[in-house]
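# attaching a predicted model along with its sequence, questions to come.
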Amino acid sequence: MNVSNVIKSRYIRRKFIKKSKVNRSRIGNLISFILINIFGLFIAMPIVYAIGNAFKPLDELWIFPPRLFPNNPTFRNFSDLLNLMQSSWVPISRYLFNTVFITVVGTVGHILLASLCAYALSKHEFYGRKFIFSLIILSLMYNSSVTGTSNYLIMVGLHWIDTYLSIIIPAFGSSFGLFLMKQFMDQIPDSYIDAARIDGAKEFKIFWSIVMPSVKPAWLTLIIFSVQGLWNLGSNIYIYKEQLKTFPYAISQIVSAGISRAGIGSAVAVIMMIVPLTIFILTQSNIIETMTNTGVKE
Amino acid sequence: MAENLLYGHTRKNNQNRIEKLSIISKALWRSKTSYIFITPYMLIFITFTVLPVLISIFFSFTDFNLLEIPKFIGVDNYKRLFLKDTIFPIAFKNTLIFSSIVGPLSYMACLLLAWVINDFKPVLRAFLTTLFYAPTLANIYFVWQLIFSSDSYGILNAYLMKIGILLEPIQWLTDKKYIVPVVLIIILWGSLGASFLIFIAGFQTVDRSLYEAGAVDGIKNRWQELWFITLPYMRPQLMLGAILSISTSFGIGSTITMLTGFPSTDYVAHTIMHMIDDYGGIRFEMGYACSIATILFVMMVSANKFIQFLLSKVGD
């Protein structure tokens, strides 16, 4: 290749690079702007309406035509909720305790067990490793609610019906969490771990004080996926005792009790929304970071 | 002599086998820490995720009502399902409709929105990510019941009547004509789940210098850039997103029940999931419920295998 050709190709390249930065046309920008707005409104409307409802006085909830925002915002629904908490048969605080308990224990246990297993799957060589991982990928391909009937039979066999165990223990074994954790741990260089091994550290110590701190984004991700499932868990086929039922179940009962409770129902929903939403907002960048390392290769 | 040879040979074989076994057992023993590490999780995973599938397949060949000992009846459950059951064709059709509309549409929406959002400034991107993911985080489907409420206080009815399009309220969630489209809209609203986050991450992993190289190779617009550079590069994320979309879209059931009640008017929104709940949770025909579950399981896994085959062709 002669010199002039090289220069020419460089010139062409520079021209293209310059172009490649702005190669979205104005029409493209307009389309994406419209798209984001339509989708954004579609998704935001019901949420905004729920929040608006929570602050509406009773007479505004049922005016015709309905409004998105309250005219005279009030905290009445929230104070009514407090009153209702004290007067119901099973105290509402009990439902709230159940949900918090299930969410916290289920999430902590899931992270510990799944990380421990993910560490072995990712950094150890042992017989059956590949088979186990392909089993986990296969389990992502079906929705566990398909096997609801056999899960019920297993719970009956274990005598776990009407216990916290029936909710918490299966939550420990969620396969998506393990999958994310394993993929994330694959990114940790082996030399990092080998160095600790040479220093004489025991495997559990390596796991606990070297691997776990460096996969913080991954366990934050596991937290949000576990919390969003357990926190929103409503009525369940394994739980019949009223004292063991969850908060979302109680809300659905409150809302179905009639028109007069619609405001309170929205107030509860807004309170319920705060927890997973706050966790998500705080951990979002970590979640995205975790996801960059995931994926299924064929 | 011949005997000696024969026995000597088997003895040698036995010795070989023993040696092999001892090598394997030594290998297993050496990795005992690994097995201790995976045991707690795997025990739970196998009991509540793997075993149910096997149980389901086993009981699908029996007649079982929880009270009596299960009776082996061969393929009678499947015969009844395919030949006699009048609800199954409706449920089968609905499951295919829901999964073939919700699956691809939510997948495309996740991909498209993640692609558009990817170019925005970090703060705006974080805000939009939270907004689009909010329906998955917050359980507020009850709002849709208010929106599609059947009387004139329902928001949609009220506005349509105010404008003058409607003269009297429509029973959105009980009228046979409207149930399926209305339910589809609501399910799509809440379907930007984990795949959306996975795609956002996927777009961020793409090496920027590839775009420059692509520009040299004659890529003209962003569609070509997306198809020839970005998507092939994030194929692992595309695969995972597809797996999640398929397994959720085939499992749609409880959301529909929440909106339309159980069963929906004339079974118009009845899916295979509803049949499983019906026979397994209400009628206690466990064997029959298991055969339905097995069919749905096979449908989910084969749809996944098929889509994975298609996705391996992206950008070729």
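Okay, I see it.
# is stretch B:276-284 positioned near chain A?
Yes. Using CB under 8 Å from any CB of the partner chain, stretch B:276-284 reaches chain A at B:276-277, B:279-281. Every residue, glycine included, has its C-beta placed from N, CA and C.
# got those residues as TSV, with pLDDT and secondary structure columns?
Shown next, in TSV, are the residues of stretch B:276-284 next to chain A (pLDDT from 0 to 100; DSSP: H, G, I helix; E, B strand; the rest coil):
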residue	pLDDT	secondary structure
B:Ile276	92	helix
B:Asp277	89	helix
B:Tyr279	92	helix
B:Gly280	88	helix
B:Gly281	84	helix
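# weed out the non-buried ones from these.
For the residues of stretch B:276-284 next to chain A, a burial check counting by 16 or more other CB atoms under 10 Å in any protein chain shown picks out B:276-277, B:279-280.
# pLDDT score for the residue of the stretch 201-316 of chain B found nearest chain A?
Taking CB to the nearest CB as the measure, the stretch 201-316 of chain B has B:Pro236 as its residue closest to chain A, at 2.3 Å. Note on B:Pro236: pLDDT of 87.
# could you do the one 10 residues further on as well?
The predicted structure scores B:Ile246 at 90 on the pLDDT scale.
# would you list the phi and psi of it?
The phi/psi pair for B:Ile246 (degrees, to the nearest 10) reads phi -70, psi -50.
# I'd say it and B:Ser99 touch.
Yes. Judged on CB atoms under 8 Å, B:Ile246 makes contact with B:Ser99 at a distance of 7.3 Å.
# more neighbours: which of those two?
B:Ile246 (27 against 23; other CB atoms under 10 Å in any protein chain shown).
# contact partners for that one?
For B:Ile246, the contacting residues are A:141, B:99, B:103, B:300, B:303-304, B:307, by CB atoms under 8 Å, 6 or more residues apart in numbering or on different chains.
# put together TSV for those, with distance to A:Ala250, pLDDT and secondary structure on each row.
Shown next, in TSV, are the contacts of B:Ile246 (distance: CB to CB, whole Å; pLDDT from 0 to 100; DSSP: H, G, I helix; E, B strand; the rest coil):
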residue	distance to A:Ala250	pLDDT	secondary structure
A:Met141	34	91	coil
B:Ser99	32	92	helix
B:Gly103	33	92	helix
B:Met300	33	93	helix
B:Ala303	37	93	helix
B:Asn304	37	92	helix
B:Ile307	39	90	helix
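# of those residues, buried ones?
A:141, B:99, B:103, B:300, B:303-304, B:307.
# before we move on, back to that, which strand or helix spans the residue of the stretch 201-316 of chain B closest to chain A?
Using DSSP states H and E, B:Pro236 sits within helix B:235-250.
# distance between that helix and the chain's centre?
Computed by CA atoms, centre = their mean, to the nearest Å, the chain-centroid distance of helix B:235-250 equals 7 Å.
# which helix or strand lies directly C-terminal to that helix?
Counting by DSSP H and E, the element that comes right after helix B:235-250 along the chain is helix B:254-260.
# in terms of secondary structure, what does that following helix contact?
helix B:176-189, helix B:272-277 (3 or more CB pairs under 8 Å, 6 or more residues apart in numbering or on different chains; DSSP states H and E).
# for A:Tyr192, find the nearest of these.
Proximity to A:Tyr192, assessed across those by CB to CB, is greatest for helix B:176-189 (43.7 Å).
# summarise which helices and strands that closest one is packed against.
Looks like helix B:176-189 contacts helix A:26-54, helix B:88-118, helix B:254-260 (3+ CB pairs under 8 Å, 6+ apart).
# and the first one, average pLDDT?
Pointing back at helix A:26-54 there. Computed over helix A:26-54, the average pLDDT equals 88.
# contacting residues for the spatially most central residue of chain A?
The residue lying closest to the centre of chain A (CA atoms, centre = their mean) is A:Phe225, at 2.7 Å. For A:Phe225, the contact set (CB under 8 Å, 6+ apart) comprises A:174, A:176-177, A:180, B:194.
# any idea how far the residue in chain A that chain B sits nearest to is from A:Gln183?
Nearest residue of chain A to chain B: A:Gly295, at 2.3 Å (CB to the nearest CB). Distance of A:Gly295 to A:Gln183, given as CB to CB, to the nearest Å: 7 Å.
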